[in-house]
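Participant: Fold the following.
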Amino acid sequence: MVGKAEDDALILFVGSSGGHLAQLLALEPWYRRWQRCWVTFDTPDAASLLEGEDVTWAYHPTTRNIRNLFRNAFVALRIFRKRNIAAVVTTGAGVALPFVIIARLRGIPAVYIEVYDRIDTSTMTARLCRPFLSAMLVQWEEQRRVYPEATVVGTLL
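Facilitator: Model prediction:
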């Protein structure tokens, strides 16, 4: 971004609480050296797991909830306007969509990691996000039947 130092660039991690967040947290050996911020739901487990981290709480539920989709789009717009986001990394679910779309519109890389428990079929969020992604990652070789362009990274949990 023009006028902002590269060293204040952040990786934005976006994911629903629970298993989606747990899979993002499993990336800790990789992300610990980077400045980062998080978007997830304000649940007791998420608050505990992300204590001390830079977190923005998203609106939920998101599955088929158009009102919260728009509310989260405004959250995303605010974050991208105020922060120097270098990349978006997400495991879904529905909360990811507005962040991935806005990242694409701003020319910011967005990476989707399909969850480990969806082996034979794609998740709805992955299907919706896919056209806007810079990279699709999967955790099982078998998931490449659904996502032939994906890179297998192995299981996160």
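
Participant: CA atoms for contacts and neighbours, from now on please.
Facilitator: Will do.

Participant: can you map out the strands along this structure?
Facilitator: With DSSP state E as the criterion, the chain has strands at 10-15, 36-41, 55-58, 85-92, 110-113, 135-138, 151-152.

Participant: in its sheet, what does the longest one sit against?
Facilitator: Paired strands of strand 85-92, with direction, are strand 10-15 (parallel), strand 110-113 (parallel) (DSSP bridges).

Participant: returning to what we had before: could you check the strands of the chain and tell me which one is nearest I101?
Facilitator: I101 lies closest to strand 110-113 among the strands of the chain, at 8.7 Å (C-alpha to C-alpha).

Participant: got the contact list for that closest one?
Facilitator: 87-92, 100, 103-104, 126, 129, 132-139 (C-alpha atoms under 8 Å, 6 or more residues apart in numbering).

Participant: And those residues, which of them are buried?
Facilitator: Among these, those classed as buried by neighbour count (16 or more other C-alpha atoms under 10 Å) are 87-92, 100, 103-104, 126, 129, 132-134, 136-139.

Participant: export the strands paired with strand 85-92 to a markdown table and tack on mean pLDDT and mean neighbour count?
Facilitator: Formatted as a markdown table, the strands paired with strand 85-92 follow (pLDDT from 0 to 100; neighbours: other C-alpha atoms under 10 Å):
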| stretch | mean pLDDT | mean neighbour count |
| --- | --- | --- |
| strand 10-15 | 98 | 24 |
| strand 110-113 | 98 | 24 |
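
Participant: Any idea which of those strands gets closest to T56?
Facilitator: strand 10-15 (9.6 Å).

Participant: Would you mind writing the CA trace of that closest one as CSV?
Facilitator: Extracted C-alpha coordinates of strand 10-15, given in CSV (Å, rounded to 0.1, in the frame of the first residue of the first chain):
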residue,chain,number,x,y,z
LEU,A,10,-0.1,-7.8,8.5
ILE,A,11,-1.3,-11.3,7.6
LEU,A,12,-5.1,-11.4,8.1
PHE,A,13,-6.3,-14.7,9.4
VAL,A,14,-10.1,-15.2,8.9
GLY,A,15,-12.1,-18.2,10.2
